[in-house]
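> Sequence unavailable; structure follows:
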């Protein structure tokens, strides 16, 4: 018959083997988990790097389009200043022409059916009232058009990719 202590020794040996196997398997699983976690972290970093590069590309496109639109608006401001100056010159020329076409103050008015206001004076008054407002409204509309076109260009540039 086999000694009971020997059975106990065999059982302890088998239990140690089983526990050792489970400890080794858990260790291997930890190594695999660590490796998978490192791979996922590397993928996440790579995806973030690609996303930052894409954002940087988009931002550079937006900056270029914004710069172009601002140059167009600056050119528009110059054109508006020139248009305002031309309107001022036109008003001054109209006033000079009106003053030359009027009869002298000492002349006698003989016509009974003459209009109460001189048509040139009326034209000068209408021109004077409306020219500045028309230049301002036209400038506003042009700035809106330039901004809208820049927005459309930015959208198409960003959605093509």
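Good, I have the coordinates. If you're wondering where the values come from, they're calculated on a predicted model, not measured in any experiment.
> Distance-wise, check residue 76 relative to residue 149.
According to CB to CB, to the nearest Å, residue 76 stands 12 Å off from residue 149. Glycine gets a C-beta too; all of them are placed from N, C-alpha and C.
> pLDDT wise, what is residue 55 at?
According to the prediction, residue 55 has pLDDT 92.
> number of nearby residues for it?
For residue 55, the number of neighbouring residues by other CB atoms under 10 Å comes to 10.
> and the gap between residue 68 and residue 119?
Here the distance between residue 68 and residue 119 works out to 46 Å (CB to CB).
> out of those two, which sits in the busier spot?
Comparing residue 68 with residue 119 by other CB under 10 Å, the one with more neighbours is residue 68, at 14 against 10.
> helix or strand for the residue nearest to that one when sequence neighbours are not counted, which one?
The shortest distance from residue 68 to any non-neighbouring residue, by CB to CB, 6 or more residues apart in numbering, is to residue 150 (7.1 Å). Using DSSP states H and E, residue 150 maps to helix 119-159.
> on contacts alone, who are the packing partners of that helix?
On a contact count with 3 or more CB pairs under 8 Å, 6 or more residues apart in numbering; DSSP states H and E, helix 119-159 meets helix 4-101.
> give the contact list for residue 127.
For residue 127, the contacting residues are 87, 90, 91, 94, by CB atoms under 8 Å, 6 or more residues apart in numbering.
> pLDDT score for the last one?
Read it as residue 94. The predicted local confidence for residue 94 is 76.
> Near it, how many other residues are there?
17.
> And for the second one?
By other CB under 10 Å, the residues close to residue 90 number 14.
> Look up how far residue 133 lies from the residue nearest to it when sequence neighbours are not counted.
Nearest residue to residue 90, sequence neighbours excluded (CB to CB, 6+ apart): residue 127, at 7.0 Å. Distance of residue 127 to residue 133, given as CB to CB: 11 Å.
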